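S.K.: can you look at this prediction? I've put the sequence above it.
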Amino acid sequence: MAGGTDTFHRLRTSVVPTILIWAVMGGLVAASTVSLIAGIATIVVALGVVLILTFGTEKIAAVGFIAAAGFGPLQGLTLPGASFVTATDLLLVLSAFVLAPSLVTRPFKSPWQFTIGAALFLMIGVVASLAALNPGPSLFVFVRIVIGMLFVPILYLWWAPNRVQMLWCAGAYLVGVCVDIVYALAVGPDPNLGRYVGLAETPPAFGFSAVLAISLVPFLWWEAGLYRRIFVAGAALFAIYGIWISGTRSALILLAALVVIFPFLERSLVAFGGLAALGAVGLVMLPRVIDLDGTNALARLLGGGGSRGSDQARLDGLRNALEVIETRPLIGNGFADVTGGAYGSFQSHNIYTQVTQSAGLFMLVAFLLLVWAFVRPLFLALPEYRRVAYPALAYILAGPITPNLGSRYVCVLLALALTATAFIPRKDGAEDGGEDNVGDTADGPGPQAIARG
């Protein structure tokens, strides 16, 4: 048995990569003669091959997963000719491809809540789409949701990052949000809305990604040195400014809810004191910053900035969703509206009514099982890991006021939260994790101690 294992290891680590490299290089030489774009692609791929040969597949794949998290908020960076493929999608696919030789030999462990929820979500969604009045558009939207809610978490679970890699992913996301805010300030507000969008799909997505970045601060702050804490605090303040200029009321409400809940979850007097100090500063500064005629988040929350029209649209969407749920409670109406357009169910701006309107009450049960799997580590994982699941809590709290079902900038953080399941102590008190190295998972495939229950 040992001899067979050694032979397979040599094939996986030397023979197979060598064959693949020669095959890729041969294809690149042929492609480079086609066009300028093909030639540029040849250079990029050749550079990637060199990096893989130099640093190894594990480190390059880890960098890819971290970069995918960093590009999560930058949804406007899409593949030319295929605008539905984001930079995050592309990076995840490439990272999985690079890591494929070790992934196929690595045990995949998933918490039962996610496994059952994912299976039900997939089956019910397909049946509901096929039974919808417009099965084609419904399936198209559902596939995009499945990629975000199921496939992205599966890839991160399979990669199984250790704590250092998780910190890098969280830091990359925070940096990505700051880059998006800088870009938004550079290009200015949307001329029609007067609100900043950046590289997000909509102003609410721009604001919500900033809240998610702020929700990562407790995880990044834990056991951090002075300089890293200064950077994290500065980036968090900049993200708050991003919420302000986005004009997103739901993001402002969500941030306030997280600030209030945080001290109770952490059971920290220091957090309570910090909350009181922030509240005092906010009350002092409020008269100086408030502008009811503007389009900032607070002005729109208080009824300014054209928010009344938005309120009416959301109420109409919610009313329509409830009518569909009442008439088709078990199967829903599909993920496209009755005229054949996509994203009809998103008009309610409520993820819970979205899934119920689209695929029925059983789909809602499957979805709730999924989101419980994402947020579960916050209450059960070890202290140094549990705080990475705060974005999952933010997602649940924002559910009634946001339409973020399957958005990549949300799903990469839900996936990261799910990986912390590996650091929930087992019943015997054991817990296992990978080495604290940014790229090393070859000899220790990262955390695999999945708790039962």
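M.R.: Alright, I've got the coordinates.

S.K.: may I see the buried residues of the helix or strand encompassing Val146?
M.R.: In the assignment (DSSP states H and E), Val146 maps to helix 135-146. Neighbour-count burial for helix 135-146, counted by 16 or more other Cβ atoms under 10 Å, picks out Pro135, Pro137, Ser138, Leu139, Val141, Phe142, Val143, Arg144, Ile145, Val146. No exception for glycine: its C-beta is placed from N, CA and C like everyone else's.

S.K.: list the contacts of the first one.
M.R.: Each residue near Pro135 by Cβ atoms under 8 Å, 6 or more residues apart in numbering is listed here: Ser129, Gly334.

S.K.: ok, so what distance separates it from Gly360?
M.R.: 15 Å (Cβ to Cβ, to the nearest Å).

S.K.: same deal with the second one?
M.R.: Distance from Pro137 to Gly360, counting by Cβ to Cβ: 18 Å.

S.K.: how about the third one?
M.R.: Distance of Ser138 to Gly360, given as Cβ to Cβ: 13 Å.

S.K.: okay, Pro204 and Leu94: tell me how far apart.
M.R.: 29 Å.

S.K.: between those two, point out the one with more neighbours.
M.R.: Pro204 (24 against 16; other Cβ atoms under 10 Å).

S.K.: how about whichever helix in the chain runs longest: buried residues?
M.R.: Taking DSSP state H as the criterion, the chain has its longest helix at helix 163-187. Going by neighbour count (16+ other Cβ under 10 Å), the buried part of helix 163-187 is 163-181, 183-184.

S.K.: what's the mean pLDDT across it?
M.R.: Mean pLDDT, computed over helix 163-187, is 93.

S.K.: and the helix or strand following that helix, what does it pack against?
M.R.: Beyond helix 163-187 on the C-terminal side, the first helix or strand identified by DSSP H and E is helix 203-215. If you count contacts as 3 or more Cβ pairs under 8 Å, 6 or more residues apart in numbering; DSSP states H and E, helix 203-215 packs onto helix 163-187, helix 226-246, helix 249-266, helix 390-398, helix 408-419.

S.K.: pick the most buried one from those.
M.R.: Among the helices and strands packed on helix 203-215, ranked by average contacts under mean count of other Cβ atoms under 10 Å, first place goes to helix 408-419 (a mean of 27).

S.K.: export that one to CSV, keeping only CA atoms.
M.R.: The C-alpha coordinates for helix 408-419 follow below in CSV (Å, rounded to 0.1, in the frame of the first residue of the first chain):
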residue,chain,number,x,y,z
ARG,A,408,-20.7,38.0,-4.8
TYR,A,409,-19.6,40.7,-2.4
VAL,A,410,-21.8,39.0,0.3
CYS,A,411,-21.1,35.4,-0.6
VAL,A,412,-17.3,35.6,-0.3
LEU,A,413,-17.8,36.6,3.4
LEU,A,414,-20.5,34.1,4.0
ALA,A,415,-18.1,31.5,2.7
LEU,A,416,-15.3,32.8,4.9
ALA,A,417,-17.6,32.6,7.9
LEU,A,418,-18.5,29.0,7.0
THR,A,419,-14.8,28.0,7.1
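
S.K.: could you check the angle that helix makes with helix 390-398?
M.R.: Taking axes from the mean of the first three to the mean of the last three Cα atoms, to 10 degrees, one finds helix 408-419 and helix 390-398 inclined to each other by 120 degrees.

S.K.: show the average pLDDT along helix 408-419.
M.R.: Averaged over helix 408-419, pLDDT sits at 93.

S.K.: quick check: angle from that helix to helix 203-215?
M.R.: Going by the same axes, to 10 degrees, helix 408-419 makes 30 degrees with helix 203-215.

S.K.: output the contacting helices and strands for helix 408-419.
M.R.: helix 57-70, helix 87-103, helix 152-159, helix 163-187, helix 203-215, helix 361-375, helix 377-380, helix 390-398.

S.K.: what's the closest of the ones you listed to Ala321?
M.R.: Nearest to Ala321, of all these, is helix 361-375, at 11.9 Å by Cβ to Cβ.

S.K.: and which of the buried residues of helix 135-146 is nearest Phe71?
M.R.: Checking these one by one against Phe71 (Cβ to Cβ), the nearest turns out to be Arg144, at 17.0 Å.

S.K.: CA atoms of stretch 388-402 as CSV?
M.R.: Output in CSV follows, covering the C-alpha atoms of stretch 388-402 (Å, rounded to 0.1, in the frame of the first residue of the first chain):
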residue,chain,number,x,y,z
VAL,A,388,-15.1,36.2,11.3
ALA,A,389,-18.8,35.2,11.2
TYR,A,390,-20.0,38.7,12.1
PRO,A,391,-20.8,39.4,8.3
ALA,A,392,-23.1,36.4,8.4
LEU,A,393,-25.0,38.0,11.3
ALA,A,394,-25.1,41.3,9.4
TYR,A,395,-26.5,39.4,6.4
ILE,A,396,-29.3,37.9,8.5
LEU,A,397,-30.2,41.3,10.1
ALA,A,398,-30.2,43.0,6.8
GLY,A,399,-32.5,40.4,5.3
PRO,A,400,-35.8,42.2,5.7
ILE,A,401,-34.5,45.4,4.1
THR,A,402,-32.0,44.3,1.4
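
S.K.: ok so, going back, spit out the residues that contact Ser138 and Gly360 alike.
M.R.: By Cβ under 8 Å, 6+ apart, the residues touching both Ser138 and Gly360 are Ala128.

S.K.: doesn't Lys109 lie inside a helix?
M.R.: No: assessed by DSSP: H, G, I helix; E, B strand; the rest coil, Lys109 does not belong to a helix; its assignment is coil.
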